[in-house]
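Enquirer: sequence first, predicted model second:
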Amino acid sequence: MAAQTVLIVLLLAAPVATAVGFAIGGLLQVRRRDRLARAAHEAGLLFSAEDLFDVSRRYARFAVIGGGHGGRATNVTYGRLGGLPVRAFDFRYEIGHGTRRQGRHYAVVAVEAMEPATPLLLWRWGDLDLAPLAARQATERLGDWDCRGQGAAQAVAKLPEALAGAATGVEVLGPAELAGVRPAGSVEGDAAGTLLVWAPVRRERLYAVPLADALALAGALAGCQTDPAPPAQDDRTSPEC
């Protein structure tokens with residue numbers, strides 16, 4: 001009888017625990033969305049809870065976007081900083097299938113209209129176990145980074161301190177690599193490249209990639225002159241992804 005009672009309790013508790021888990025997850029997502037929307041407003045940027053830019057197609061040739069299946073962008077902050085178009089968003093996708101399926105949740109910042117833009121990929125080697133194939137085809141390792149592309153050493157040296165400590169990946173693609181995936185008449189321009197910086201989203205740190213630091217890195221890598229980036233703020237107000 002005791003064994004049957006325990007079994008009944010477990011059967012009843014399982015769906016309750018699942019429902020509670022979903023409820024907590026939903027509340028955390030709403031909290032994150034609201035805080036990102038507020039941060040975007042305070043930075044003079046726009047915000048959409050949904051993907052207005054078809055991120056999965058627009059950035060499909062970047063390793064982090066094309067590295068899995070079922071990709072979906074949410075919580076999109078967008079506008080201009082330092083004279084350059086920027087977009088910051090949450091990106092979720094899955095890798096593997098069946099019992100080996102795993103989900104990934106990254107905060108991604110895209111800085112558009114980089115000129116010139118030399119293709120480059122940096123991926124933190126500690127995250128390589130779940131990295132896409134493109135990241136595993138690195139040609140050299142520099143410190144914590146597996147690298148592919150010309151100028152990798154200079155790129156690692158120019159990483160702002162905040163990105164060097166938090167980012168999982170950095171990638172630059174030029175106009176040749178992005179040809180055919182940008183909508184006609186897009187704000188990026190057919191002759192410009194794009195920088196993506198990403199980091200895992202973790203509960204203990206809502207914002208993973210400061211926009212100001214991503215913008216500074218874009219300017220350093222491209223050698224372009226941009227307006228001074230606003231000073232980094234703390235996690236309560238910083239327009240970060």
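Expert: Received it, and whenever you're ready, just let me know what you need.
Enquirer: A37: neighbour count?
Expert: Number of residues near A37 (other CB atoms under 10 Å) recorded here: 17. C-beta coordinates here come from the backbone N, C-alpha and C atoms, glycine included.
Enquirer: which residue, other than its chain neighbours, is closest to it?
Expert: Spatial nearest neighbour of A37, excluding adjacent residues (CB to CB, 6 or more residues apart in numbering): F47 at 4.5 Å.
Enquirer: what is that neighbour paired to in the beta sheet?
Expert: T77 (DSSP bridges).
Enquirer: could I get the pLDDT score of it?
Expert: Each residue has a pLDDT score; the one for F47 is 95.
Enquirer: R80 too?
Expert: pLDDT, read off for R80, is 92.
Enquirer: show me what contacts it?
Expert: Contact partners of R80, counting by CB atoms under 8 Å, 6 or more residues apart in numbering, are V86.
Enquirer: that one: which element?
Expert: Using DSSP states H and E, R80 maps to strand 69-81.
Enquirer: buried stuff in that strand?
Expert: 71, 73-79, 81 (16 or more other CB atoms under 10 Å).
Enquirer: distance to A117 added to those residues, as a markdown table?
Expert: A markdown table is the format used below for these (distance: CB to CB, whole Å):
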| residue | distance to A117 |
| --- | --- |
| G71 | 23 |
| A73 | 22 |
| T74 | 27 |
| N75 | 26 |
| V76 | 22 |
| T77 | 22 |
| Y78 | 20 |
| G79 | 21 |
| L81 | 18 |
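Enquirer: how about those, which pair is most distant?
Expert: By the measure CB to CB, G71 and L81 form the most distant pair in those, at 25.0 Å.
Enquirer: where does the residue nearest to P132 when sequence neighbours are not counted land in three-state SS?
Expert: The spatial neighbour of P132 that comes closest, neighbours along the chain excluded (CB to CB, 6+ apart), is G67 at 2.9 Å. Secondary structure, DSSP: H, G, I helix; E, B strand; the rest coil: G67 is coil.
Enquirer: name the SS class of the residue nearest to K158 when sequence neighbours are not counted, please.
Expert: Closest residue in space to K158, ignoring its immediate chain neighbours: A220 at 4.2 Å, by CB to CB, 6+ apart. What three-state DSSP gives for A220 is helix.
Enquirer: and for A220, the neighbour number?
Expert: 15.
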